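Visitor: Predicted model and sequence follow; I will ask about them next.
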Amino acid sequence: MTQHESVVERPLVSAPGPWSFPEARRAGLPNGLGVVSYDIPGQYVISVRLAVPMPLDLEPRELEGVATIMARTLDEGTARHTAEEFAELLERKGIALGAGVSESGLIVDVDVPKRHLSEALDLLSQAVREAIFPANEVSRHVKIRLAEIDHERSLPGQRAALEFISTYFDPAERASRPSAGTKATISGITPQDLASFHKVNVVPSGATVVVAGDLSDLDVVSEVERALGSWSGEALEPVEPLEAVRAVDAARIVFLDRPDSVQTEFYIGCPGPDRRVDGGWAAYQVLGFVVGGSPNARVDAVLREDKGFTYGIRSGFRPRRRGGVFLTSGSVRADSTVEALGLLLEILDKAREGFTETETRAGVDFIGKTAPGRYATADTVADEAAGLSLEGLTTEFTTESLRALEDVDAEVLAKAYGRYVTGEWTVIIVGDASPYAEGVRSLGRGEVVVLPA
């Protein structure tokens, strides 16, 4: 150090303050449509989400998948435009429009440069209110879905997920069958079926439009009312959702045989909570991270870092409208199938003994301190708001859950985990059964059924 140099003290870094989800402005239109807006300065691509409550239980049993085909064909021709014309109008203004369904409802998503918001809302209105479901487009999407079904069965992860729901849920439950339908239910869907389902279920009452982005100089409510204010439809009678019933024989192991597989896929689950769980949702977010949410979590610390059996296995609590599931899934080297499964179930069971303060703090910090980054863009804000609206929640729930992290300690985690994870596992294995099925039986984890994949 020379005489001209001085020592600069390093500044102290304080802990970040509490973070809140962007503030929402709420309004309602006379037709029952809710309008929620988030002003996010500098986000000049506006994200619009229309969320329509439409549980899959409303699908006729013989037409399951009709909601998915309906969503995919909303923009394939309207009363005013052919499919080609509609696509050209979207492209001309730089508008991205798509739609999909979940167990809770329909979400139509639009992303558009701010200066073209009015045009985007008009096209959104046409797609939702004036879809005509042309026979050729419906036929094309039915064929696409049928091809998807074959593709899903060819992928070990998706094949395991399909077998899991059919094993875990009671056969009478809609949740036990693919949300987008089966070959038997998809094949017979007609334009008339789509039009009838659309007329009854896609209505404004109870639906929510979310608009997020730089909203300076915009009157969002007026823009939405101009496009969707005259949308009408008979309001559906609200039905309180019930928790899907688990199958009486769900606690077993199903080994789907795929000869000569070099990897084995695991899909393991047990009951879990929904977001309204007593005691709050925060602890379950942390648990997912601590048990299997990162390369440093308990599962990968053993199976990946210590044993080298896997590139990664993930765990997490997945809430449904009512109730939920705790899931662990991933693949391992085929030659490690038996040992890996035994270790994995042991790790999941042993977690009932409790958690350390160190790993608890790591989970709390990750969930809490990454939230500003997770919700930094207009599309993620709109997605969160739309998804929660289908469960009857607002993004105040997100803020409350983040604040509740301050009260999550090791004791809270242990209590929350033990409340649901009792060791009654539904285990799906996709891999080569002939060398490993007997080894899996020898683990003494219950009945093992071998089926063709």
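Guide: Happy to help now that I have it. Computed from a prediction, not measured in an experiment: that's the story for all the values here. Numbering: from 1, shown residues only.
Visitor: now the helix ranked longest in the chain, how far from the centre of its chain.
Guide: Looking across the chain with DSSP state H, the single longest helix is helix 135-154. On the basis of CA atoms, centre = their mean, to the nearest Å, helix 135-154 sits 22 Å off its chain's mean C-alpha point.
Visitor: same for that helix, what does it pack against?
Guide: Here helix 135-154 touches helix 66-72, helix 156-168, helix 183-186, helix 191-201, going by 3 or more CB pairs under 8 Å, 6 or more residues apart in numbering; DSSP states H and E. Any C-beta I mention is one placed from the backbone N, CA and C, and that applies to glycine too.
Visitor: among the ones you listed, which is the most enclosed?
Guide: Stretch with highest mean neighbour count among these: helix 66-72 (a mean of 25; mean count of other CB atoms under 10 Å).
Visitor: just to revisit the earlier point, tell me which of the helices and strands packed on helix 135-154 sits nearest to residue 266.
Guide: Among the helices and strands packed on helix 135-154, the nearest to residue 266 by CB to CB is helix 156-168 (7.4 Å).
Visitor: Where does residue 91 fall, secondary structure wise?
Guide: In this assignment (DSSP states H and E), residue 91 forms part of helix 83-92.
Visitor: For that helix, buried residues please.
Guide: Neighbour counts over helix 83-92 (16 or more other CB atoms under 10 Å) mark 83, 86, 89-90 as buried.
Visitor: Next, the residues that contact it from outside, please.
Guide: With contact meaning CB atoms under 8 Å, 6 or more residues apart in numbering, helix 83-92 is reached by 75-78, 81, 95-97, 119, 123, 126-127, 134, 137.
Visitor: Repeat the analysis, applying 7 Å as the threshold.
Guide: With contact meaning CB atoms under 7 Å, 6 or more residues apart in numbering, helix 83-92 is reached by 75-78, 81, 97, 123, 134, 137.
Visitor: and that helix, how far out from the chain's middle?
Guide: 29 Å.
Visitor: what's the angle from it to helix 135-154?
Guide: 70 degrees (axes from the mean of the first three to the mean of the last three CA atoms, to 10 degrees).
Visitor: Beyond helix 83-92, next helix or strand please.
Guide: Next element after helix 83-92 (DSSP H and E): strand 96-101.
Visitor: Buried residues, that following strand. List them.
Guide: 97, 99, 101.
Visitor: Same check on stretch 360-368?
Guide: Within stretch 360-368, the residues scored as buried using 16+ other CB under 10 Å are 360, 362-364, 366-368.
Visitor: And those, which two are furthest apart?
Guide: Top of the distance list for these (CB to CB): 360 and 368, 12.1 Å.
Visitor: tell me the mean pLDDT over whichever strand or helix holds residue 363?
Guide: Per DSSP H and E, residue 363 falls inside helix 357-369. Summarised as a single mean, pLDDT over helix 357-369 is 96.
Visitor: Report the rounded mean pLDDT for the helix or strand residue 401 falls within.
Guide: In the assignment (DSSP H and E), residue 401 maps to helix 396-404. Taken as a whole, helix 396-404 has a mean pLDDT of 97.
Visitor: Would you mind pulling up the elements that whatever helix or strand comes next after that helix packs against?
Guide: Proceeding N to C from helix 396-404, the next assigned helix or strand is helix 410-420, under DSSP H and E. Counting contacts by 3 or more CB pairs under 7 Å, 6 or more residues apart in numbering; DSSP states H and E, helix 410-420 packs against strand 263-272, helix 282-292, helix 357-369.
Visitor: from the ones you listed, which stretch is densest packed?
Guide: Most buried among the helices and strands packed on helix 410-420, given mean count of other CB under 10 Å as the contact rule, is helix 282-292, at a mean of 26.
Visitor: domain assignment for the protein?
Guide: Per automatic domain parsing, the domain ranges recorded for the chain read 25-228, 253-452.
Visitor: Mind checking the ones you listed for the one nearest to residue 247?
Guide: Across the domains of the chain, closest to residue 247 is domain 25-228 (CB to CB), at 4.9 Å.
Visitor: what about the closest one, how long is it end to end?
Guide: Terminal residues of domain 25-228 lie 18 Å apart, using CA to CA, to the nearest Å.
Visitor: and it, what's its mean pLDDT?
Guide: Mean predicted lDDT for domain 25-228 stands at 97.
Visitor: picking that back up, export the helices and strands packed on helix 135-154 to a markdown table and tack on distance to residue 142?
Guide: Formatted as a markdown table, the helices and strands packed on helix 135-154 follow (distance: least, CB to CB, whole Å):
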| stretch | distance to residue 142 |
| --- | --- |
| helix 66-72 | 6 |
| helix 156-168 | 19 |
| helix 183-186 | 6 |
| helix 191-201 | 10 |
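Visitor: Looking at these, which is nearest to residue 295?
Guide: helix 156-168 (18.8 Å).
Visitor: Just checking the distance from that closest one to the centre of its chain.
Guide: Taking mean C-alpha positions (CA atoms, centre = their mean), helix 156-168 and its chain are 16 Å apart.
Visitor: what packs against it?
Guide: Packed next to helix 156-168, using 3+ CB pairs under 7 Å, 6+ apart, are helix 135-154, strand 253-257, strand 263-272, strand 324-333, strand 426-431.
Visitor: and the shortest one, how far from the chain's centre?
Guide: Taking the mean of its C-alpha atoms, strand 253-257 sits 26 Å from the chain's own mean (CA atoms, centre = their mean).
Visitor: Then residue 111 would be within a strand, right?
Guide: Yes. Assessed by DSSP: H, G, I helix; E, B strand; the rest coil, residue 111 belongs to a strand.
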